[in-house]
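Visitor: Have a look at this prediction, sequence included:
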Amino acid sequence: MLSDISLPDGDGWELLRCLSEAGHRPWRAIAVSGQRSAEDLTRSKTAGFDHHLLKPVAAAILEVILRKAAEEAPR
């Protein structure tokens, strides 16, 4: 799952919590955000995000993270 933290009707932290509670926890969860405080990074980790990428995200960094997630995905 790739999600922005700021969503029109909530936030990515709540989205991941709801998915997890419904039994639909994604294999990997990657947050994208302009929010960069230590508290924001901790909140993403606590929510279960594997990565918290800061905007603007470099395409090369996102590609490496997505490729690694694909390689580790259960078959």
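Guide: Right, received. Where do you want to start?
Visitor: C-alpha from now on. contacts and neighbour counts both.
Guide: Will do.
Visitor: The helix ranked longest in the chain: which residues count as buried?
Guide: Secondary structure of the chain read by DSSP state H shows that its longest helix is helix 59-72. Across helix 59-72, burial judged by 16 or more other Cα atoms under 10 Å covers Leu66, Ala69.
Visitor: Give the other helices and strands that that helix contacts.
Guide: Using 3 or more Cα pairs under 8 Å, 6 or more residues apart in numbering; DSSP states H and E, no helix or strand is in contact with helix 59-72.
Visitor: ok, and Thr46, which helix or strand is that part of?
Guide: helix 38-47 (DSSP states H and E).
Visitor: ok, and what's touching whichever helix or strand comes after that helix?
Guide: For helix 38-47, the following helix or strand on the C-terminal side (DSSP H and E) is strand 51-54. The contact list for strand 51-54, computed with Cα atoms under 8 Å, 6 or more residues apart in numbering, reads Ala29, Ile30, Ala31, Val32, Ser33, Gly34, Gln35, Arg36, Leu41, Ser44, Lys45.
Visitor: Of the residues you listed, grab the buried ones for PyMOL.
Guide: Burial among those is assessed by 16+ other Cα under 10 Å; the matching PyMOL selection reads:
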select buried, resi 29+30+31+32+33+41+44+45
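Visitor: Mind checking which of the contacts of strand 51-54 are in helices?
Guide: Counting by DSSP H, the contacts of strand 51-54 contribute Leu41, Ser44, Lys45 to helices.
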